[in-house]
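Asks: mind folding the following:
(chains A and B)
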Amino acid sequence: MGKYQLGEFEEVVMLTVAILQGDAYGIAIIEEMEQRLDRKVSIGSLQTVLRRLEKKGYLKSEFGEATAVRGGKRKRFFSLTQHGQAILRETKEQRVGLWNAIPDYAIGKQ
Amino acid sequence: MSNYQLPKLILAFFRWFCHPDYVEDIEGDLVERHKHTTTDKGTRKANWVFLLEVLRLFRPGLIQKPNIMNRLSPVDIVRNDVKIAVRNLRKHKTYVLINMLGMGFALACCLVSFLNLDYKLRFDEHHHSTSQNVYRVNSIRETQDGKEAWGLAPLALGDVMNHEVPGIQRMARLNVADGIVRSNDKSFSEKVHIADLSLIQMLNFPLLFGGHSDFERDNIVVLSETMSRKYFDSADPVGEEVELFIGDQKYQFTVGAVTQKVPENTSVLFDVMVPLERFPDHQAAWSDHQQITIFGELADGVESTVVSDALSKYVDKANELSNADYEVEQFYLQPFRELAFTSDIDLPNWVRGRMLNRNAVGFLVGVSSILSLLILITATFNFTNTAIAFSGNRLKEIGVRKIIGGTRFQLIGQLLIENILLCLLSVVVAFFIGYYLIQGYNGLFEQTLDLRYVFQPRVLLFVVSFPLVVGVLAGIYPSIKISKYQPINILKGKSNFMKMGWLTRSLLVGQFVVACFAIIGAIVMTQNATYQQNLDFGYGLHRVNVTYMEDNNHQDEYISKLGQDPTVTEVAGSAQIIGQSLPVTVKKEIEGYGSSAQLLGVGVNYLHTVGIELLHGRAFVGANDKKSVLINQKLAFLLGKSDPLGSTLMIQDSAFTIIGVVQNHKEFGLTQEEPACVFTYVSPTGYNYVSVSSSEHSTEVLSLLEQIWYQVNPDQPFNGFEQSMLIYKQLHINLIIRNLCLFLAIATLIMSAAGFYSIVSLSVQKRTKEVGIRKVFGATITHMIRLIIKDFVVYILVAFVIGSALATLMIQGVLFGQLYTYHMELGLFSFALALLVMMLVPGLTVSLKVYRAASANPVKTLRYE
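Replies: Modelled structure (predicted):
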């Protein structure tokens, strides 16, 4: 195993941020995740993870423009750092490696 | 979406806990989400979701980190504050002493007042558990002076209540008589409660010995715990025999029960209670006009007004058969719980003629509460003044603390803790002072407050919380004021912040006015007491002792034995004694105007014994003088006869011959002028009193009288007293006023001396530099002292003028004008003495301070920067 270990939720959040590409702020991330994964996500759990990932240096963030819809509050847009991208890639490789190691008959193929 | 609204409270909560860096965007997210949900699912649901979201945001990663100050434990802060406070107080012992004594004294006064108030307000509370349906039957009497409410009703009404009026569950009658109780070879005079024993259950008297079952019998007696101890020590007395003498009747009783000790502040406080049925003169008939107290317990749900109306139907019966000089207008029921507050003669709705234990007089309770509050206020202001004055010593500390970042609240907290600590210290002092104060108070007003009573929860609560409140109140102003000082000014030494405001100054003068008033009062009352003690009463007030006799059984033997004793100078019998004369109308002729006079029936030698001097004619000699009278000068003057000897005098309707004229005497003591008096002859069978005169001290004479009495008359209690007892109240009131004035004088003097001390210290501090400069230019110590105390002398003089004017008004107008006919004249001496005290006491307290300031080395004072 590598040095870096991502939790399942962390991984999902980082992937979603990557999908949204520069449009990744709190609500957008939540909606994307709810749509694709069919799971309920609260702002609280998402934000904690976002801050934790930011502190670890996997994500970075910047404020966008103020909009009236949000009561005049600015959005904070998240994006992956280089380090974050590397981690994601490493995680994927690990997963793929694991998948490849599974014998065909064990899970069955489509 | 015009009515769209965010739940503000929840949002505010979020803003409060969220880390400031994250607030903006998360709030934006929240708002966006809320709007969505509102459109999808409605406001109600959206608000719920919003709340849930906010609650889920409350997690360690997102909430605000507490800052450093908040992370300090408040316990540590307080502990350190207390430590610093203790050190500070230890350093300033004078300050502590002044405040501790002043506050301690004021708190002690408050403590006594509180006990007093508590006693009064909780009167009868002991009975409340069973007395909710208990009422007393009162009557309204129509007299010459208008309508009066009386706590008495005819004896016969009790039977009516038992048998004829519906709605009454139980009834109990109560009467009080003086009797002699003899049991277990002991015999004492006691107050006997003659009552229906159902009263014991009706008013909740728990039993110590015995049971309620015997109460039906008419030969049992119920004793209080105190009484049981007095006669039987701590043994169980149930079944013991008790003899009771009331009037000339003897009754035999068996002890049926002993009640537990109940609080003193109850209406029915009995020592010996015997059943009413036992007394033949209490067998009620309407023709018997005996008036007694009747209690009734109503059945549940019965209106008292209904019963009142039913009782009032018997008014005619009561009026028809009684021979009283009033008409009963109606009967009504008064709830037992109200009794405690209608026994006050100084309240407008008081009920007369009660046989019950009286509540403390509201006036006295009120006055002492107000006095102690005044003293407390003075002490509090003193406290404030001294706190400010002494803060001068710690300016540097305050400056430094502020510079290194101490907040104002911390400073205020520190100062407050010091003040509260000081107040708690003074509680200890207050207990010591309170102990003596209570003794004095009980002595003055014949009450039974007890400091042990303090250990009841509510009193303890008062004792602990009151100083806290006072400490905070007294400390808050100086704390705020001191903490406001600008550190730059303090450290630079610009100390112009300790100005004496008009408030401080007028307070000081006010204190001195009160002190002056009290001092003059105390001096005058002391002088007056001595004056009145030595006043010529026209007879030997202090030389005479009297024995009261129930009957004449052993009278001759007693008198002759007394006559033989060498310590007794003279002995004589009489029907009345001075102070208990009867008012009569006397006339010169059968027809014509009468003048009122006081009548005394006296035996041979009585006038000589008490020391009333015979001016003309002769004294009574014996049985031949039955139709003779002696009159005094005043009556002779009123009759207009220069030589009244031998002329006739009509007393009521019988004629007497005047055989002599005697000197006037102060029959009524000090409060009324010497009246016209007439003395008639009484033969030994009519004697009620035996008076003796002696040059020995009256306590010795009294014990001698008692000794001889028991030799002659071993079965009857001795009832002897000093002649001066009859005007004891007048002399006693004098003492009470004197003691109150003395007390107030000492209290206010201590207070004002303390206040004076602090203010002079302040002034000295302020003028350190001025004094230095003046001395450099050649001023002497005397100059300096004069400079420092000049203002204060003026204050004292102003206060003295106001105070003595007030005192003169009060003493001349009220005491001498209303109370005493015979009193001392106000003299300059009293005022001069008061002024001396006023100057001396505060002067002495500050002299050292002033002298030290005035004699300080100018080099040192000027260097101070």
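Asks: element containing residue B:61?
Replies: Secondary structure assignment for residue B:61, by DSSP states H and E: no helix or strand.
Asks: next one: residue B:6
Replies: Residue B:6 belongs to no helix or strand when assigned by DSSP H and E.
Asks: same question for residue B:567.
Replies: No secondary structure element spans residue B:567, as it lies outside all helices and strands (assigned by DSSP H and E).
Asks: give me phi/psi at it?
Replies: Its backbone dihedrals place residue B:567 at phi -70, psi -20, with angles given as degrees, to the nearest 10.
Asks: ok, it touching residue B:703?
Replies: No. Under the criterion of CB atoms under 8 Å, residue B:567 is not in contact with residue B:703, lying 10.6 Å apart. In short, each C-beta sits where N, CA and C put it, glycine included.
Asks: got phi/psi on residue B:167?
Replies: Dihedral angles for residue B:167 - degrees, to the nearest 10 - are phi 90, psi 0.
Asks: neighbours of it, how many?
Replies: Neighbours of residue B:167 under the rule other CB atoms under 10 Å in any protein chain shown: 16.
Asks: enumerate the residues of chain B near chain A.
Replies: Taking CB under 8 Å from any CB of the partner chain as the criterion, the neighbours of chain A within chain B are B:6, B:22, B:24-33, B:35, B:52-53, B:55-59, B:61-62.
Asks: ok, so what distance separates residue B:742 from chain A?
Replies: 76 Å (CB to the nearest CB, to the nearest Å).
Asks: low-confidence regions, the stretch 1-150 of chain B specifically.
Replies: Per-residue confidence of the stretch 1-150 of chain B (counting by pLDDT under 70) places the weak regions at B:1-4, B:65-73, B:143-145.
Asks: quick one: the strands in it?
Replies: Taking DSSP state E, counting those that start in this stretch as the test, the strands found in the stretch 1-150 of chain B are B:134-143, B:146-150.
Asks: please apply the same query to chain A.
Replies: Secondary structure of chain A (DSSP state E): strands at A:59-66, A:74-80.
Asks: and for the stretch 301-450 of chain B?
Replies: Chain-ordered strands for the stretch 301-450 of chain B, with DSSP E, counting those that start in this stretch as the definition, fall at B:327-335.
Asks: on the three-state scheme, residue B:268 is what?
Replies: Of the three states, residue B:268 takes coil according to DSSP: H, G, I helix; E, B strand; the rest coil.
Asks: list the residues that contact whichever residue of the stretch 201-350 of chain B sits closest to chain A.
Replies: For the stretch 201-350 of chain B, the residue closest to chain A is residue B:337, as judged by CB to the nearest CB, at 61.2 Å. If you count contacts by CB atoms under 8 Å, 6 or more residues apart in numbering or on different chains, residue B:337 has them with B:124, B:128, B:131, B:132.
Asks: most neighbours among those, which one is it?
Replies: The member of these surrounded by the most neighbours (other CB under 10 Å) is residue B:124, with 23 neighbours in all.
Asks: was I right to think that one contacts residue B:339?
Replies: Yes. Using CB under 8 Å, residue B:124 makes contact with residue B:339 at a distance of 6.4 Å.
Asks: need the overlap of contacts for these two.
Replies: Counting by CB under 8 Å, 6+ apart, the contacts common to residue B:124 and residue B:339 are residue B:267.
Asks: quick one, grab the pLDDT at the closest residue to residue B:107 other than its chain neighbours.
Replies: Sequence neighbours aside, residue B:430 is the residue nearest to residue B:107 in space, at 3.8 Å (criterion: CB to CB, 6 or more residues apart in numbering or on different chains). According to the per-residue confidence, residue B:430 scores 86 in pLDDT.
Asks: how about the residues of chain A by chain B?
Replies: Applying the criterion CB under 8 Å from any CB, the portion of chain A that neighbours chain B consists of A:25-27, A:30, A:42-45, A:47-48, A:51-52, A:63, A:69-71, A:73-76.
Asks: mind giving me the PyMOL select for the residues you listed, buried ones only?
Replies: Of the residues of chain A next to chain B, the buried ones go into a single PyMOL selection, burial set by 16 or more other CB atoms under 10 Å in any protein chain shown:
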select buried, chain A and resi 25+26+27+30+42+43+44+45+47+48+51+70+71+73+74+75+76
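Asks: the residues of chain A next to chain B in helices, which ones?
Replies: A:26, A:27, A:30, A:43, A:44, A:45, A:47, A:48, A:51, A:52 (DSSP state H).
Asks: got a markdown table for the residues you listed, with pLDDT and distance to residue B:573 too?
Replies: Below are these laid out as a markdown table (pLDDT from 0 to 100; distance: CB to CB, whole Å):
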| residue | pLDDT | distance to residue B:573 |
| --- | --- | --- |
| A:26 | 85 | 115 |
| A:27 | 86 | 116 |
| A:30 | 89 | 116 |
| A:43 | 86 | 110 |
| A:44 | 86 | 107 |
| A:45 | 87 | 111 |
| A:47 | 88 | 110 |
| A:48 | 87 | 109 |
| A:51 | 88 | 111 |
| A:52 | 88 | 113 |
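Asks: pipe those residues into TSV and attach distance to residue B:152 per row.
Replies: Formatted as TSV, the entries for those read as follows, by distance: CB to CB, whole Å:
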residue	distance to residue B:152
A:26	88
A:27	88
A:30	89
A:43	83
A:44	80
A:45	84
A:47	85
A:48	85
A:51	87
A:52	90
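Asks: nearest to residue B:667 among those?
Replies: Of all these, the one sitting nearest residue B:667 is residue A:44; the distance, using CB to CB, is 98.2 Å.
Asks: I'd say that closest one and residue B:60 touch.
Replies: No. Residue A:44 sits out of contact with residue B:60 when judged by CB under 8 Å, with a separation of 11.3 Å.
Asks: filter the residues of chain B next to chain A to the buried ones?
Replies: The neighbour-count test (16+ other CB under 10 Å) applied to those identifies B:6, B:22, B:24-33, B:35, B:53, B:56-57, B:62 as buried.
Asks: what's the distance between residue B:50 and residue A:42?
Replies: Residue B:50 is 11 Å from residue A:42, where distance means CB to CB, to the nearest Å.
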